[in-house]
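Chemist: Pasting the sequence and the predicted model now:
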Amino acid sequence: MEVSETISRKLIKNGRVVFETDDLEKTKNQVISLVKKYNGYISSDSKNEFDEKENYYLNIRIPAQYFYTILSGISNQVSKFDTKEIQFSDVTEEYLDIESRLKNNKELEKSYLEILQQAKSVEDILNVERELGKLRE
């Protein structure tokens, strides 16, 4: 008998859009409002001027389920894109590895706490607490 386990893929979506707009400040504010509406945030914001052109660079972080909603909302405000890129990174293995390590560390912490309950000397208590400290880091 073969047992198969369905693993939910863990994907990180990255999008990059470059476009021109007639009203830079208005468009920036609309993008920020859209991001906030869907529980996102701006992780970096920079502005520069080159050849009498102003440019904004916004790095936004959003919940994955709203990725296309926000991308569509931005697209609705733009008449022409210079660049529109979407990339996916599969981080399923890394996620499962971290999840497994966390589970193991929680079990080890539980064991240390049981040992701490039974410790008789100050030296034993300090040794167990030191190991707990290392584990929790």
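Modeler: It's in. Small disclaimer: the values here were computed from a predicted structure and weren't measured.

Chemist: so which helix or strand takes in Ser46?
Modeler: Using DSSP states H and E, Ser46 sits within strand 41-50.

Chemist: quick one: buried residues of that strand?
Modeler: Of the residues in strand 41-50, none count as buried by neighbour count, 16 or more other CB atoms under 10 Å. Every C-beta, even on glycine, is put in place using the N, C-alpha and C of the backbone.

Chemist: which helices and strands does the helix or strand just after that strand pack with?
Modeler: Sequence-wise, the next helix or strand downstream of strand 41-50 (DSSP H and E) is strand 53-61. Under the contact definition 3 or more CB pairs under 8 Å, 6 or more residues apart in numbering; DSSP states H and E, strand 53-61 sits against helix 24-37, strand 41-50.

Chemist: what angle sits between strand 53-61 and helix 24-37?
Modeler: 0 degrees (axes from the mean of the first three to the mean of the last three CA atoms, to 10 degrees).

Chemist: what comes into contact with strand 53-61?
Modeler: Here strand 53-61 makes contact (CB atoms under 8 Å, 6 or more residues apart in numbering) with 24, 28, 31-32, 35, 40-49, 70.

Chemist: And this structure, what are its domain boundaries?
Modeler: 11-90, 101-136 (automatic domain parsing).

Chemist: mind listing the helices for the chain?
Modeler: Applying DSSP state H to the chain gives helices spanning 24-37, 67-75, 92-118, 122-136.

Chemist: Let me have those helices in JSON lines, adding mean neighbour count, distance to Lys84 and mean pLDDT as columns.
Modeler: Formatted as JSON lines, the helices of the chain follow (neighbours: other CB atoms under 10 Å; distance: least, CB to CB, whole Å; pLDDT from 0 to 100):
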{"stretch": "helix 24-37", "mean neighbour count": "15", "distance to Lys84": "14", "mean pLDDT": "91"}
{"stretch": "helix 67-75", "mean neighbour count": "16", "distance to Lys84": "8", "mean pLDDT": "89"}
{"stretch": "helix 92-118", "mean neighbour count": "11", "distance to Lys84": "26", "mean pLDDT": "88"}
{"stretch": "helix 122-136", "mean neighbour count": "12", "distance to Lys84": "44", "mean pLDDT": "85"}
